[in-house]
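Asker: the amino acid sequence is not available; the structure is as follows:
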């Protein structure tokens, strides 16, 4: 069997949703038809008008159910009362009259108790069945709503798939043209995931080191301030020494009668001056 295309899957979903639409109005059509037939047959209307059937909602159905339960209870009471009266009158006016013994009353009472117990058990079973059906109906309703949401998402998938296909084609075209000089962007998925994981670990390590360095900033700043304070008098000494050396050089040149006289002696003097400055500034080398 050939695999379905996204368009084929979408068409099947639409056909299913169109042919299996479930709503409160659809479910209430058999009840509405039955009520209409009863009203036409007996030519009478109850407290619940047919206009309520035209706008059926869950709350209106609940109200109708309660109303019909009350009507059925009244009808059952009236029926039992009428049948009891009819039996009593027939027993009195019959020929010969019906005589009921006490033992028959006891037996009948026993049968009534058994029938009541059976009826109570049946009512309990029906109530449990109704509760189970209500829970299943709610679950089916939630699942139906979820299916509708998922169907909407599936209807949007073909467009997104087309966009992703265009993006993949563009990336492949760029890769074939060699416009991407970074070889890491051409890795397969597995190696790309490994690379991402290693980059995340490296980033975590750098964040940890940065946090440690940030904790050392106040101490380093205090140390830098102390070094600046120690460097200031040394800088002053260096400037004074440089000025003294310059002045001594000027005097030496003036005493020698020019810069061309006695170069060797001047070289020794300069080396001595340099050694003195290094000693003052504590410079090694």
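Answerer: It's in. All values reported here derive from a predicted model rather than from experimental measurement.
Asker: so where do the helices sit in the protein?
Answerer: For the chain, the helices defined by DSSP state H cover 6-19, 24-42, 51-54, 58-93, 102-177, 189-256, 263-281.
Asker: what's the weakest-modelled helix or strand in this protein?
Answerer: For the chain, scoring each helix and strand by mean pLDDT, DSSP states H and E identifies helix 51-54 as the least confident one, at a mean of 48.
Asker: show the average pLDDT along stretch 185-197.
Answerer: For stretch 185-197, the per-residue pLDDT values average out at 83.
Asker: and for stretch 167-181?
Answerer: Stretch 167-181 carries an average pLDDT of 73.
Asker: could you measure from residue 250 over to residue 244?
Answerer: When CB to CB, to the nearest Å is applied, the distance between residue 250 and residue 244 equals 11 Å. From N, CA and C alone the C-beta is placed, and that goes for glycine too.
Asker: which of these two has more neighbours?
Answerer: Neighbours around residue 250 and residue 244, counted as other CB atoms under 10 Å, are more numerous at residue 244. The numbers are 13 against 10.
Asker: and residue 91, what's its pLDDT?
Answerer: On pLDDT, residue 91 comes in at 77.
Asker: ugh, wrong one, residue 208
Answerer: With respect to pLDDT, residue 208 has a value of 91.
Asker: how's the chain carved up into domains?
Answerer: Domain segmentation of the chain under automatic domain parsing yields 111-180, 215-281.
Asker: which one of these lies nearest to residue 61?
Answerer: Minimum separation from residue 61 across these (CB to CB) falls at domain 111-180, 11.8 Å.
Asker: next one: the closest one to chain centre, how far?
Answerer: Here domain 111-180 shows a centroid-to-chain-centroid distance of 17 Å under the convention CA atoms, centre = their mean, to the nearest Å.
Asker: ok, residue 80 to residue 189 distance?
Answerer: Taking CB to CB as the measure, residue 80 falls 78 Å from residue 189.
Asker: meant to ask about residue 196, not that
Answerer: In this structure, residue 196 and residue 189 are 10 Å apart, going by CB to CB.
Asker: give me the more crowded residue out of these two.
Answerer: With neighbours defined as other CB under 10 Å, residue 196 and residue 189 compare such that residue 196 has more, 10 against 7.
Asker: look up how far residue 172 lies from the more buried one.
Answerer: As defined by CB to CB, residue 196 lies at a distance of 21 Å from residue 172.
Asker: and if you look at residue 74?
Answerer: Computed as CB to CB, the residue 74 to residue 172 distance reads 78 Å.
Asker: same check, this time on residue 162
Answerer: Computed as CB to CB, the residue 162 to residue 172 distance reads 16 Å.
Asker: cool, and residue 126?
Answerer: Plainly put, residue 126 is 66 Å away from residue 172 if you go by CB to CB.
Asker: one more: residue 98?
Answerer: Between residue 98 and residue 172 the distance, using CB to CB, works out to 100 Å.
Asker: again with residue 269
Answerer: Distance check for residue 269 against residue 172: by CB to CB, it reads 77 Å.
Asker: quick one, which of these two is more surrounded?
Answerer: For residue 269 against residue 172, the residue with the higher neighbour count under other CB under 10 Å is residue 269, and the figures read 15 against 10.
Asker: number of nearby residues for the closest residue to that one other than its chain neighbours?
Answerer: With sequence-adjacent residues excluded and distances taken as CB to CB, 6 or more residues apart in numbering, residue 269 is closest to residue 252, at 6.4 Å. Other residues within reach of residue 252 by the criterion other CB under 10 Å amount to 17.
Asker: hmm, residue 252 is touching residue 266, no?
Answerer: Yes: between residue 252 and residue 266 there is a contact at 7.0 Å, judged by CB atoms under 8 Å.
Asker: what comes up buried for stretch 123-130?
Answerer: Under the neighbour-count criterion of 16 or more other CB atoms under 10 Å, stretch 123-130 has nothing buried.
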